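> no sequence for this one, just the structure:
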């Protein structure tokens, strides 16, 4: 490895550590229980990861959670923005995940079309 490679690895590790310590402005919680995965949560997770990386959103953390119930609304995603009520979205798919990133995470406006609940902390 070259010195610049080591610097890059160190910078990436520092960014990941910062997010783990709570340095995130936004947390995206994706239900990944068995039934959620069967309903398509894995592809929703992949879209969130790709969209957030493509947009360079370093202050957004993605985490996986267990099942949240609400079987008829799976896949379920919760978005927590610092200083705002959390928002729970249901029946997510790839297109909806892209909209949540663009409209809610980037622009700050929750997407009411598939919103289940707000303030669900």
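Looks like it arrived, so ask away. Remember, predicted model here, so these are calculated numbers, not experimental data.

> mean confidence for stretch 80-100?
Throughout stretch 80-100, pLDDT has a mean value of 95.

> pull the residues that contact it.
With contacts defined as Cβ atoms under 8 Å, 6 or more residues apart in numbering, stretch 80-100 is touched by 24-29, 40-41, 43-44, 47-48, 51, 68, 70, 73-79, 104-105, 108, 110-111, 113-121. From N, CA and C alone the C-beta is placed, and that goes for glycine too.

> now list the buried members of these.
Using 16 or more other Cβ atoms under 10 Å as the burial test, those include 24, 26-29, 41, 44, 47-48, 51, 68, 73-79, 104-105, 110-111, 114, 116 as buried.

> so, low pLDDT: which residues of this structure?
13-23, 120-121 (pLDDT under 70).

> can you classify residue 29 by secondary structure?
Using DSSP: H, G, I helix; E, B strand; the rest coil, the structure places residue 29 in strand.

> do the same with residue 67
Three-state assignment for residue 67 (three-state DSSP): coil.

> what's the nearest residue to it if we skip its chain neighbours?
residue 33 (3.1 Å; Cβ to Cβ, 6 or more residues apart in numbering).

> if I look at residue 12, how far off is residue 6?
For residue 12, the distance to residue 6 (Cβ to Cβ, to the nearest Å) stands at 11 Å.

> cool, residue 108 as well?
37 Å.

> give me the sheet partners of whichever strand or helix holds residue 62 and which way each runs.
In the assignment (DSSP states H and E), residue 62 maps to strand 60-65. Strands adjacent to strand 60-65 in the sheet, as given by DSSP bridges, are strand 26-31 (parallel).
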